[in-house]
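Novice: requesting a structural model of the entry that follows:
(2 chains, ligands or ions: 1)
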Amino acid sequence: MQGYNEEDFLLLSGIQHFNFCRRQWALIHIEQQWEENVRTLEGAYVHRVADQPLLREKRGDKLIVRSLPVHSKQLGITGICDVVEFVLDPEGISLAGEEGLYLPYPVEYKRGKPKKDDSDRSQLIAQMLCLEEMLVCELSLGYLFYDEIKHRVEVTVSPSDKERVRTTLLEMHHYFQRNHTPKVKVGPHCQSCSLNLVCLPELMKRRTVSSFIESRLGE
Amino acid sequence: MKKLLNTLFVTIPDAYLSLDGENIVVKSEEETLARYPLHNLEAVCTFGYAGVSPALMGACATRNIALTFMTRNGRFLARVIGEDRGNVVLRKEQYRISDDERRSALVARNMILGKIFNSKWILERATRDYPLRVDVDRIKRVTASLSDAMKLVRNVEDLEVLRGLEGTSAVQYNSVFDDLILQQKEHFSFNGRSKRPPLDHVNALLSFAYTLLATDVKAALEAVGLDAYVGFLHRDRPGRASLALDMMEELRGVYADRMVLSLINKKIINHKGFYMKENGAVLMDDETRKQVLKAWQERKQEKIIHPFLHEKISWGLVPYAQALLLARYIRGDLDEYPPFLWK
Ligand code: SF4
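Specialist: Numbers count the residues shown, from 1 in each chain, chains lettered A, B, ... in the order given. All right, here's what the predicted structure looks like:
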């Protein structure tokens, strides 16, 4: 199968950063600027998971798998699904070591409450694309669980949603290949941005350094 | 801007530092002397010899706490760096600039500009604050020539020329530095810089202050992902933190010289706190060193408005702010590197 090399894989979770602000994504994923480096965090996470055999929990007609590492060679992404529920379904697929046919539904846990923007959804859709590729099936439904409202929101996904996420991922790879950090588009979202201190968005609104120096020298 | 946390200076010679949960534990002869939570610390600087446990080194490295070892006399020995944060993109561009003399000159000239500007205003301020005590005419002649030098520096694109201008400006500044010592004159006078070893009280103080500044600048450069060892004005030499030396140019005067002057002028230290070795080297005793560290620490907590960022930050964060601005320039976000122009 054609696709990306493993070393060019991007972190799936980056899609939410990218949707929030491209510069934030580039600062984190290209420049590795993060108080707590995401890669290290995710790395530690993956290890914790790898250390224990895949934990499966059975509940009625459901098989619940936590922290499932997923990837897509075609899209060049890798990440972890918080939870994937496999539900017995005659339309489903067979799973190694299990009897019966199952359909997978990813459940992504989020802090806070449902957001207006699309970033949480995009991340879930990217996970679904990974699952589709790894399990050879088609998915159209997943869930976002928000801890503030303490319940899950159903997310239905259309082919055009998937297409949009694919396009976003292509764009991310494009930046990544060029090692390019786009300039700041300062906005109200900068206020809540965790990279505010590194990005210094205020700087971009200010006069040039040349004029700063000239005016100081003239004093 | 991030917050300035505390620096822990350990001056007890046989202190051993270890990790207990989220705390540093300071022990001497099996006895626990103190505990400090790590999350309050920005840096740990130890002048003792007993050591630090590997677990604590690791904890400092992952939390970006700069852990530095000094000799009892305050000479830099070593510091602990954790796993590389791997900001290769930024560093490669730094190396490209460093490999290119002209591009290096464009950054270095602003640092030198900062150095001369700050020297000039240290002197100007003295003429304003103590017109009856200092030789105003003499100092004004120096500041005038520093102003001329700045005009030249502004357009330099050649490192050799820049070094020349830097050198003559330093000579000019040093020629009147002694005038700024207004107290304890009989014991503290400045007759030019001596480094290895410092041969008088003033030089001993300056050397110590520069070492402290160097460790702060190094840590700041590394915190933003730059390589402190690859410089623009100072060329590569194994083991030399060239970029830290570059950035120190603009900070030495405002950061270190002024503190040394105030220690002397405010009589916080006196000549009895020094002793001379057989080879003429002048060293501080433990008490004096503690006073300097205390003054250093207090100074770092003082707030200023950063001249370019227009943001209120503590003096202690100035190296970090400058490192951040340098990184932004290297990444192409700023048209020039904005030096710290303080007055
Ligand atoms: S501060 Fe603003 S521009 Fe900078 S990364 Fe954050 S959101 Fe993007």
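
Novice: grab the nearest non-local neighbour of B:L326.
Specialist: Residue nearest to B:L326 in three dimensions, not counting chain neighbours: B:Y337, with 5.6 Å by C-beta to C-beta, 6 or more residues apart in numbering or on different chains. C-beta here means a position set from N, CA and C on the backbone, and glycine is covered the same way.

Novice: quick one, what contacts B:G114?
Specialist: Neighbour list for B:G114: B:E249, B:E250, B:L251, B:P339, B:F340, B:L341 [criterion: C-beta atoms under 8 Å, 6 or more residues apart in numbering or on different chains].

Novice: buried among those residues? Make that a PyMOL selection.
Specialist: Restricted to buried positions by 16 or more other C-beta atoms under 10 Å in any protein chain shown, the PyMOL selection for the contacts of B:G114 reads:
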select buried, chain B and resi 249+250+251+339+340+341
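
Novice: can you get me a residue count around residue 98?
Specialist: Let's take chain A. The burial count assigned to A:E98 is 13, neighbours taken as other C-beta atoms under 10 Å in any protein chain shown.

Novice: try chain B instead
Specialist: Look at B:S98: counted by other C-beta under 10 Å, it has 21 neighbours.

Novice: list the buried ones in the host helix or strand of it?
Specialist: Using DSSP states H and E, B:S98 maps to helix B:88-99. Neighbour counts using 16+ other C-beta under 10 Å place B:V89, B:L90, B:R91, B:E93, B:Q94, B:I97, B:S98 of helix B:88-99 among the buried residues.

Novice: counting contacts, what elements does it pack onto?
Specialist: When contacts are defined as 3 or more C-beta pairs under 8 Å, 6 or more residues apart in numbering or on different chains; DSSP states H and E, helix B:88-99 sits against helix B:101-129, helix B:318-330.

Novice: ok, which of the ones you listed comes nearest A:K58?
Specialist: When these are compared by C-beta to C-beta, helix B:318-330 sits nearest A:K58, at 51.5 Å.

Novice: quick one: contacts of that closest one?
Specialist: Contacts of helix B:318-330 (C-beta under 8 Å, 6+ apart): A:198, A:200, A:203, A:209, B:1-2, B:90, B:93-94, B:97, B:107, B:213, B:216-217, B:219-221, B:223-226, B:247, B:250-251, B:255, B:304, B:306, B:308-309, B:313, B:334, B:336-340.

Novice: in helices only, show me those.
Specialist: A:198, A:203, A:209, B:90, B:93-94, B:97, B:107, B:213, B:216-217, B:219-221, B:223, B:247, B:250-251 (DSSP state H).

Novice: do a quick rundown of the helices in chain A.
Specialist: Assigned helices in chain A, in chain order: A:14-20, A:22-29, A:38-51, A:119-135, A:159-178, A:196-199, A:201-205, A:209-217 (criterion: DSSP H).

Novice: export stretch B:213-232 to PDB, keeping only CA atoms.
Specialist: Presented in PDB, the C-alpha positions along stretch B:213-232 are these (Å, rounded to 0.1, in the frame of the first residue of the first chain):
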ATOM      1  CA  LEU B 213      24.900  36.200  34.500                       C
ATOM      2  CA  ALA B 214      26.500  33.700  32.200                       C
ATOM      3  CA  THR B 215      24.700  30.800  33.800                       C
ATOM      4  CA  ASP B 216      21.400  32.700  33.600                       C
ATOM      5  CA  VAL B 217      21.900  33.500  30.000                       C
ATOM      6  CA  LYS B 218      22.900  30.000  29.000                       C
ATOM      7  CA  ALA B 219      19.900  28.600  30.700                       C
ATOM      8  CA  ALA B 220      17.600  31.100  29.000                       C
ATOM      9  CA  LEU B 221      19.000  30.400  25.600                       C
ATOM     10  CA  GLU B 222      18.600  26.700  26.100                       C
ATOM     11  CA  ALA B 223      15.100  27.100  27.400                       C
ATOM     12  CA  VAL B 224      14.000  28.600  24.100                       C
ATOM     13  CA  GLY B 225      15.700  25.900  22.200                       C
ATOM     14  CA  LEU B 226      18.800  27.700  21.000                       C
ATOM     15  CA  ASP B 227      22.300  26.300  21.100                       C
ATOM     16  CA  ALA B 228      24.300  28.400  23.700                       C
ATOM     17  CA  TYR B 229      27.600  27.200  22.200                       C
ATOM     18  CA  VAL B 230      27.100  28.500  18.700                       C
ATOM     19  CA  GLY B 231      27.600  32.200  18.500                       C
ATOM     20  CA  PHE B 232      27.600  35.100  16.000                       C
END
